[in-house]
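Visitor: Got a sequence here, can you model it:
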Amino acid sequence: MRRGASAALAAALLAAGALGLTPPGPALAAGPPQVLSTAVEAVTASSAVLRGQVNPNGLPSTYRFEYLTETAYQANLAAEPSGDGFKGAALAPPSGAGTAGSGASAVPLVQQLSKLPATTTLRYRLVVTNSAGQARSAVASFVTQAPTNAFALLDGRAWELVSPVDKGGGSIAPPGTIFGGGDFQAAASGSSITYSSAFSFADGAGAPPVSQYVATRSASGWATQNISVPLLSGSYGDRPDGAPYRLFSADLSRALLSNGERCRGEAGGDCPVANPPLPGSGAPAGFRNYYLRGGGSFQALLSAAALANTPRSASEFELTLAGAIADLGHVVLASCAALTDDAAEANPSADCATAPQNLYKSSGSGLSALNFLPGETTTSPGAALAAQGGAISTDGSRVYWTLGGALYLREGNASKLVSPAGTFQSASSDGSVAYVAEGERLLRYSAANGASTDLTPAGGLLGALGSSADGSRVYYATTAGLFLWNAGTTTEVTSDSVTAANWPPATGSARVSADGSHLLFSSTASLTGYPNNGKAELYLYGPPSGGGPARLICVSCKPTGEAAAGEASVPGAVPNGTTLIYKPRVLSENGRRVFFESDDSLSIQDTNNRRDVYEWEAAGEGSCTIDPGCVQLISAGRSSQLSTFIDASADGSSAFFLTDESLVPADPGSTDVYVARSGGGFAPPPSGIPCDGDACQALPDAPDDPTPGTQVPNAGNPPVHFPKSRKKPRHKKHQSKQRKKNRQKHNRGAPR
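Guide: Modelled structure (predicted):
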């Protein structure tokens, strides 16, 4: 059509519209109605609001919501397996025939439900009908609230203030925020915790940019010890230095301390002010080093004897923490320098921080080099530990490392090639089994025979999420979904996508229980039918507490079934400068408790519209009796600032978090470390000051003074009054005799 003809047609259509005429067009055929969406909101203990959207599709249509309890729904299905489960369901509106109109576009619907049973799961669906047919929504559910707003933590937990009241006017900052770091770890038992602060208190010996504290619980409360050491000014302060303490053992009895890098970058390559060693540690002065703290004393991992093999001075030297096992019995360090007789020195003229590195294992008896190629007797610089976490076996006998894109295993005094182009994912605790990503395939490597098994022959690997401690199970994601490989059998966890934040296992946010039976991961997909609106939620895969087949549960979804308004998350490995080794315990050792942060309000007591810390636990675990599990706050839900999860004990009975809310009477304010502890809580301090005898009197009421700053007249103070003596006067006869004696005595002594 020519441009002129098109313009003429457009003008004709506009004119027809101006006259109220409908331009000719193809007729739309009416048909069966459509259900576009359903949702629940404003759920209380006895009421809820159901919403939906339908399209009448051009014919007069009616609608109804059908709802009934979960118990009745399941009983219907048991009695009539071929039925839909809604026999005898209540209707909203009660007539069962609400008007949806006859249009051809979306129509919003809303119905208020009342007189619902408290703490009960209900099923509902939306049904819309017209002369051309009927449409039903998918079956959805919601859970009514408890009949009371009284706040109670799960498992009989109580809040305890961990950090001291007197912090010198300071506070505790969240992990990863103090010069790019901060060391926050709880002991596996939950009886102690270490944390960092930019403020020095608790009788600290020095005030470096980051002070470190260990708090220990007793029957009377938490006691705090400042374990910071005096450090040379300038050793720390710029990102990404992190805290001087880099890592603690699982029971907090041992710790690794970095002494900073005072001599780096000095003019002329000299070190005019050597970084002083800690007394009794055996450390050479001025050199970058790591100290192992145990029992209050320090041992340097780098000794003066090791420096005999390198020509580098203190200002040219560098040493970094590559990885360690949980009890710090074996630590792997990296340096460009030759620190053993069989190590090769990298280019002496190159910056040691960026030059090819050697790997050294410290096991309490000096350093031993690791990065030997198979059959070689001298190290090959340019190596790196395969991962900061999980690449070292618990006994230190096996270490996975990389060089030039290839993956190797150092086993005893020999090296093996694992994969010419593979990326380490995870390994069993003894290092005998490793999972390796090679392109789009996931391989299972056996150290016993050096063989690899392809677990993903179809390819499409995205990443591994983690494996069991014995290496028999591994969870991994592909373009086809999320899967569990268990001793030769592959099981689909979900066909939907999961977020890339879940992997790799060393630093990702996913968690796998030690026995591999439970997996915690995040996804923005609606994996369980919950209306998450594309927001990240946390899902737990595993068998229920009472046994049975594994199932997938959304642990961070609103228990009521209302649509998500915020996201949930758990931390991966928490950064402390360049160290990324420790992953907080967000999944209990048995896989039945989860601790997480949520921007959404999952509890009726959460009223602050801020991020809070929550606990989920499975039915039959702790105090939870609701299937599949219970969700409740760990923080208060009232703080004006964000609350932050720190760590938990291995069994989940103690959950540590940061908040600026004063949760116990002794807390006057500021941001503090708290613990929500099962069976915890301390008796409040005695009220008032002890007194004795007459001192034990009630204080008088405050005077009713006139308004300050005014001249309101009043009666003033009463005049001074001296009460008369109540002593009985002597007899008058006795008084006259006494006066006569006094006169005679006076006269005898007078001069004549």
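
Visitor: so Ile392 makes contact with Ala326?
Guide: No. Contact criterion CB atoms under 8 Å: Ile392 and Ala326 do not qualify, at 9.9 Å. Where you see a C-beta, it was placed from the backbone N, CA and C, and this is true even at glycine.

Visitor: Looking at these two, which is more packed in?
Guide: Ile392 (30 against 18; other CB atoms under 10 Å).

Visitor: quick one: Val229 is in a strand?
Guide: No. Assessed with DSSP: H, G, I helix; E, B strand; the rest coil, Val229 is coil; it does not lie in a strand.

Visitor: Quick check: nearest residue in space to Ala72, chain neighbours excluded?
Guide: Leaving aside its chain neighbours, Ala72 sits nearest to Gly88 (6.9 Å; criterion: CB to CB, 6 or more residues apart in numbering).

Visitor: Give me the neighbour count for the one you found.
Guide: 9.

Visitor: Help me confirm that it comes into contact with Asn76.
Guide: Yes. With contacts counted by CB under 8 Å, Gly88 reaches Asn76, the gap being 7.4 Å.

Visitor: any residues in contact with both of these two?
Guide: Leu68 (CB atoms under 8 Å, 6 or more residues apart in numbering).

Visitor: related to what we said a few turns ago, in contact with the residue nearest to Ala72, which residues are there?
Guide: Counted by CB under 8 Å, 6+ apart, Gly88 has contacts Leu68, Ala72, Asn76.

Visitor: any weak-confidence spans in the protein?
Guide: Within the chain, the ranges that satisfy pLDDT under 70 run 1-28, 205-208, 232-234, 237-239, 261-274, 685-752.

Visitor: give me the element the residue positioned nearest the centre of it is part of.
Guide: Geometric centre of the chain, nearest residue: Phe645, 3.8 Å, by CA atoms, centre = their mean. Assigning secondary structure by DSSP states H and E places Phe645 in strand 644-648.

Visitor: Which other helices and strands does that strand contact?
Guide: Strand 644-648 makes packing contacts with strand 185-186, strand 192-197, strand 593-598, strand 654-659 when contacts are defined by 3 or more CB pairs under 8 Å, 6 or more residues apart in numbering; DSSP states H and E.

Visitor: Now with 7 Å, please.
Guide: Applying 3 or more CB pairs under 7 Å, 6 or more residues apart in numbering; DSSP states H and E, we find strand 644-648 packed against strand 185-186, strand 593-598, strand 654-659.

Visitor: okay if I get those as JSON lines plus mean neighbour count and distance to Ser640?
Guide: Listed next are the helices and strands packed on strand 644-648 as JSON lines, based on neighbours: other CB atoms under 10 Å; distance: least, CB to CB, whole Å:
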{"stretch": "strand 185-186", "mean neighbour count": "26", "distance to Ser640": "26"}
{"stretch": "strand 593-598", "mean neighbour count": "26", "distance to Ser640": "16"}
{"stretch": "strand 654-659", "mean neighbour count": "27", "distance to Ser640": "10"}
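
Visitor: Spatially nearest residue to Glu80 (excluding sequence neighbours)?
Guide: Nearest non-adjacent residue to Glu80 (CB to CB, 6+ apart): Lys87, at 7.0 Å.

Visitor: Could you pull up the residues touching the residue nearest to the centre of the chain?
Guide: Counting by CB atoms under 7 Å, 6 or more residues apart in numbering, Phe645 touches Phe595, Phe596, Glu597, Val613, Phe657.

Visitor: so who does the third one touch?
Guide: Contacts for Glu597 (CB under 7 Å, 6+ apart) come out as Ala568, Ser569, Arg611, Val613, Phe645.

Visitor: distance of the third one from Thr453?
Guide: Okay, so that is Arg611. Using CB to CB, to the nearest Å, one obtains 43 Å as the distance from Arg611 to Thr453.

Visitor: out of the two, which sits in the more crowded spot?
Guide: More neighbours surround Arg611 than the other of Arg611 and Thr453, with 20 against 11 (other CB under 10 Å).

Visitor: Please verify my assumption that that one contacts Ser640.
Guide: No. Judged on CB atoms under 7 Å, Arg611 makes no contact with Ser640 at a distance of 11.9 Å.

Visitor: where does Ser315 land in three-state SS?
Guide: Assigned with three-state DSSP, Ser315 falls in the helix class.

Visitor: still on that earlier bit, return the subset of the contacts of Glu597 lying in helices.
Guide: Within the contacts of Glu597, no residue falls in helices by DSSP state H.

Visitor: Would you mind measuring from Gly323 to Ile581?
Guide: Gly323 is 6 Å from Ile581, by CB to CB.

Visitor: So for the two, which residues contact both of them?
Guide: Residues touching both Gly323 and Ile581 (CB under 7 Å, 6+ apart): Gln388, Gly389.

Visitor: Which residue of the two possesses the greater neighbour count?
Guide: Neighbour count, other CB under 10 Å: between Gly323 and Ile581, Gly323 has more, with 28 against 23.

Visitor: quick one: contacts for the closest residue to Glu345 other than its chain neighbours?
Guide: Excluding the flanking residues, the one nearest Glu345 by CB to CB, 6+ apart is Ala338, at 4.1 Å. If a contact means CB under 7 Å, 6+ apart, then Ala338 has Asn309, Thr310, Ala344, Glu345 as its contacts.

Visitor: Same list (the residues you listed) but as JSON lines, adding distance to Ser163 and secondary structure.
Guide: Putting those into JSON lines (distance: CB to CB, whole Å; DSSP: H, G, I helix; E, B strand; the rest coil) gives the following:
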{"residue": "Asn309", "distance to Ser163": "45", "secondary structure": "helix"}
{"residue": "Thr310", "distance to Ser163": "43", "secondary structure": "coil"}
{"residue": "Ala344", "distance to Ser163": "48", "secondary structure": "coil"}
{"residue": "Glu345", "distance to Ser163": "46", "secondary structure": "coil"}
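
Visitor: can you give me the strands for the stretch 551-700 of the chain?
Guide: Residue ranges of the strands in the stretch 551-700 of the chain, as given by DSSP state E, counting those that start in this stretch, are 551-554, 568-569, 593-598, 612-618, 629-633, 644-648, 654-659, 672-678.

Visitor: Equivalent analysis for the stretch 351-500 of the chain, please.
Guide: Per DSSP E, counting those that start in this stretch, the stretch 351-500 of the chain carries strands over the ranges 358-362, 367-369, 383-385, 398-403, 406-411, 414-419, 423-427, 433-438, 441-446, 452-454, 461-467, 473-478, 481-486, 489-494.

Visitor: out of those strands, nearest to Ala564?
Guide: Checking those against Ala564 by CB to CB gives strand 489-494 as the closest, at 17.7 Å.

Visitor: Direction included, what does the helix or strand just after that closest one pair against?
Guide: Note on strand 489-494: by DSSP H and E, the next helix or strand toward the C-terminus is strand 511-512. With DSSP bridges as the test, strand 511-512 is paired with strand 519-523 (antiparallel).

Visitor: List the buried residues of the strand it pairs with.
Guide: For strand 519-523, the neighbour count (16 or more other CB atoms under 10 Å) marks Leu519, Leu520, Phe521, Ser522, Ser523 as buried.

Visitor: So the fourth one is in contact with Trp503, correct?
Guide: Looking back up the chat, that one is Ser522. No. Counting by CB under 7 Å, Ser522 sits too far from Trp503 to count as a contact (11.1 Å).

Visitor: Now do the helix or strand containing Arg125: which elements does it pack against?
Guide: If you go by DSSP H and E, Arg125 is part of strand 121-130. Packing partners of strand 121-130 (3+ CB pairs under 7 Å, 6+ apart): strand 34-41, strand 48-55, strand 61-69, helix 70-79, strand 133-136, strand 140-143.

Visitor: closest one to Ser415 among those?
Guide: Closest to Ser415 of the helices and strands packed on strand 121-130, according to CB to CB: strand 140-143, at 56.4 Å.

Visitor: Give the partner strands of the helix or strand following that closest one in its sheet and their orientations.
Guide: Moving toward the C-terminus from strand 140-143, the next helix or strand (DSSP H and E) is strand 157-161. Paired with strand 157-161 in the same sheet, following DSSP bridges, are strand 672-678 (antiparallel).
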